[in-house]
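Q: one predicted model, sequence on top.
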Amino acid sequence: MRKRSIIPILYILFLMLPIYWLVAMSFKTTQEILGGFSLFPKVWTLASYRTIFTDPTWYWGYINSIAYVSINMVISVTVALPAAYAFSRYRFLGDKQLFFWLLTNRMAPAAVFALPFFQLYSAVGLFDTYWAVALAHCLFNIPLSVWILEGFMGGVPKELDETAFVDGYSFPRFFATVFLPTIKAGVGVAAFFCFMFSWVELLLAKTLTAVYAKPIAATMTKTASSAGYELGLLAAAGTLTIIPGAIVIWFVRNYIAKGFALGRV
Amino acid sequence: MRKVNQKGWFFVLPVLILVAFNALVPMMTVVNYSVQETFGDNVFFWQGLDWFQQILRSDRFHAALGRQFLFTGMILAIEVPLGVIIALSMPRKGFWVPVCLVTMALPMLIPWNVVGAMWNIFTLPDIGLLGYLMNHTLGINYNMTQDPVAAWITVILMDVWHWTSLVVLLCYAGLVSIPDAYYQAAKIDGASNWSVFRYIQLPKMKQVLTIAVLLRFMDSFNIYTEPFVLTGGGPGNSTTLLSIDLVKIALGQFDLGPAAAMSLIYFAITLFVSWLFYTLMTRNDAK
C-alpha cells in the first residue's frame, strides 16, 4: 500500500463517522440513547423501524417523497431532451440569452421563492398535491437537465444527424431510434441528478405540502420534535432516507463529476 | 458550426413555459410586495423604493450578509485545497476506484435536513460521538447550543463533510483525463513532484476547478436547511445566514415588503455571480 493512500482512507473515515452514528443510534433503545454514551448498541432493537413501517403517517412520507420525485424526474427529462437538442444543434434568436436565463434559475435561492410559491400553487389549486412539489422542483431540475444533456449531445458528431436524414429518417424516428440510444448515458445522468436534487430539497417541498403530500423529511422533523425528541425514531427515519441514494449512486459513479460540471468535463 | 434554424424555438417551448411559470410568476409577486405596504385584508399602499433603502441601510442585513460572506469564504478556503489534495492521492485504477467514488458521493445524496439532524445527533454533548469525545475524552468544553464559536465550527465542519466530495470528484475527473504519456515524458525529463503538479495536473484541473469553486460559492450562498436544522441560526443570531434571516422576516414576522426587497437584493447578488460563472465557463468552452 502506498503511503499517500492514507489521505483518502482518513477522508472516507471522516465521511462515514456521522453516518455510522446515525445508523447505530437507530438500532438502540430509547433508554440506552438517553442513558449515556455507548459506541455500539448494547441491545439491538428494530422497534424504531417497526414503528416506521407500521404507522401510516411515517410510511406515507416515503411514498409521498418517491411519488413527487418520480413525477419530477419524468417531466424534467422529457421536456429537457428536445430543448437540449435545439441548443446543441441549432442557432436561433436569443438562444444564448435563454440558455443563461435557465442557468440563473439553478442559482436562485429557494428561500426567495418559498412564500410566492405557496401563494401561486394555492391559487391554481395544486397546494398539498404531488404535482405542486414536482412542478416546483422543475425550477432547478429542468435547467440542470438541459445543461447536462446539452453537454452530452455536444459530444455526438453532427454527421450522425446528417447521415440519418440523408438515409430518409424522419426527425421523430431519428430522435427515438438513433439519437436517444447514443446519448442514453446522458439521459441516465440527467435523471439521476433530477432524482438527487428533488430528493434532498426540503424548503419548497415543505412549504407546498400540509398533509397529503408531505415528504418524509418533513414528517421526520415534525414527529420527532412533537413526541419529545425520540432520537431512535429520528435516526431510523434518517437512515431510511439514505438508502435510495446509496442504491442509485452505484449506476452513475463514473458520471457524477460530469453531471455536477453540467456536462462540461 | 451550428445551423441557423428558428424551429429551435418549438423545441425549447415546453421548457420555457414550465420554467417561466415557476420563475416569473413568483418573481413578479416578490417585485409587487417590494414596492408596497400592507396592513392586512389585501389592502396595499404604494411604497416606492422605501423598503430597498431600509434594507440596504439596516444593520441586521449587513450583519447577515457579513456572516454569509464569512461562511462562504471559510468553506471555500477549506474545501478547495482539501478536495485537490484528496483527488491527487486517490488511486487511478483498480478495485478501490469505484469504492472511493461511491462512498465519497454518498453525503451529497442525503436530504439536507437529515444532514442537519445527523450532525445534531453526532454533536450532542453527552450522547453524541463527537460531543462525547470532545467533552469527556479530550476534556474540551464543547456545546454548540451555547457557544457561538463551537456553533460556527460545527456548521463549517458539516459543510466540509457534505460538499468537499464535490470538489474531489470534479478534480478527479480532470486528473484521469491526463494521458499517461504526459507523466512518462515528465519522468524522462526528471521533473519533481511539484513540477508535475504545477505544469501537468494543475492546468488540466483548471477548468473543473473553476466550476467547482463557483458551484460551491453559489450553493453555499443559498444554504438554508442544513444550518437551520443544526443550530436554528443560534445561539442568538450567530449562525443566522442570509437565507435563514430572510425566512425569519418573511414567514416569522410576516414583514412582506422588507422581505421582498431583501429577496431581490439577494437575488441580484446571486445573478451577478451567475453571470460571472457563465462567462468563465463559456470562455473555457470556446478554447
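A: Arrived safely, thanks for sending.
Q: let me see the backbone angles for the one residue in chain A that gets nearest to chain B.
A: In chain A, the residue found nearest to chain B is residue A:245; the distance is 2.9 Å by CB to the nearest CB. The way it works is simple: take the backbone N, C-alpha and C, and place the C-beta from them, glycine included. Main-chain dihedrals, residue A:245, degrees, to the nearest 10: phi -60, psi -40.
Q: please report the distance of the spatially closest residue to it that is not a sequence neighbour from residue A:155.
A: For residue A:245, the nearest residue in space outside its immediate sequence neighbours is residue B:109; the separation is 2.9 Å by CB to CB, 6 or more residues apart in numbering or on different chains. In this structure, residue B:109 lies at 26 Å from residue A:155, with CB to CB, to the nearest Å as the measure.
Q: just residue B:170 next, same as before
A: Residue B:170 sits at a distance of 18 Å from residue A:155 (criterion: CB to CB).
Q: tell me which of the two has more neighbours.
A: Between residue B:170 and residue A:155, counted using other CB atoms under 10 Å in any protein chain shown, the more crowded position is residue B:170 (29 against 12).
Q: so how far is the helix or strand residue A:141 falls within off the chain centroid?
A: Applying DSSP states H and E as the criterion places residue A:141 in helix A:130-154. Here helix A:130-154 is found 11 Å from its chain centre; the criterion is CA atoms, centre = their mean, to the nearest Å.
Q: quick check, it touching chain B?
A: Yes. Contact of helix A:130-154 with chain B is found when judged by CB under 8 Å from any CB of the partner chain, involving A:135-136, A:138-139, A:142-143, A:146.
Q: most widely separated two among those?
A: Taking CB to CB as the measure, these span a maximum distance of 17.3 Å, between A:136 and A:146.
Q: flag the shaky bits of the chain, pLDDT-wise.
A: No chain in the question, so chain A it is. Flagging of chain A using pLDDT under 70 yields the residue ranges A:1-2, A:221-229, A:263-265.
Q: actually it's chain B I care about, not the one you picked
A: When the per-residue scores of chain B are filtered using pLDDT under 70, the ranges that remain are B:1, B:38-43, B:284-287.
Q: and the contacts of stretch B:5-13?
A: A:82-83, A:85-87, A:89-93, A:95, A:98 (CB atoms under 8 Å, 6 or more residues apart in numbering or on different chains).
Q: switch the cut-off to 7 Å
A: With CB atoms under 7 Å, 6 or more residues apart in numbering or on different chains as the contact definition, stretch B:5-13 has outside contacts at A:82-83, A:85-86, A:90-93, A:95, A:98.
Q: mind listing which of these are in helices?
A: Among the contacts of stretch B:5-13, the members falling in helices (DSSP state H) are A:82-83, A:85-86, A:95, A:98.
Q: quick one, strands of the stretch 1-150 of chain A?
A: Across the stretch 1-150 of chain A, reading from the start of the chain, the strands by DSSP state E, counting those that start in this stretch fall at A:90-91.
Q: same question but for the stretch 1-150 of chain B, I mixed them up
A: With DSSP E, counting those that start in this stretch, the ranges of strands along the stretch 1-150 of chain B come out as B:3-4, B:36-38, B:44-46.
Q: is the first one anywhere near chain A?
A: If I follow you right, that is strand B:3-4. Yes. With CB under 7 Å from any CB of the partner chain as the criterion, chain A is reached by strand B:3-4 at B:3-4.
Q: not counting sequence-adjacent ones, nearest residue to residue B:11?
A: Counting by CB to CB, 6+ apart, residue A:86 is the residue found nearest to residue B:11 once chain neighbours are left out, at 3.5 Å.
Q: now for that neighbour, how many residues are close by?
A: The local packing of residue A:86 (other CB under 10 Å) involves 26 other residues.
Q: I'd say residue B:227 and residue B:242 touch.
A: No. If you go by CB atoms under 7 Å, residue B:227 and residue B:242 don't touch, sitting 10.8 Å apart.
Q: so what's residue 61 up against?
A: Answering for chain A, as no chain was given. Under the criterion of CB under 7 Å, 6+ apart, the contact partners of residue A:61 comprise A:214-216, A:219.
Q: that's the other chain; I wanted chain B
A: For residue B:61, the contacting residues are B:55, B:262, taking CB under 7 Å, 6+ apart as the criterion.
Q: alright, that wraps it up for me.
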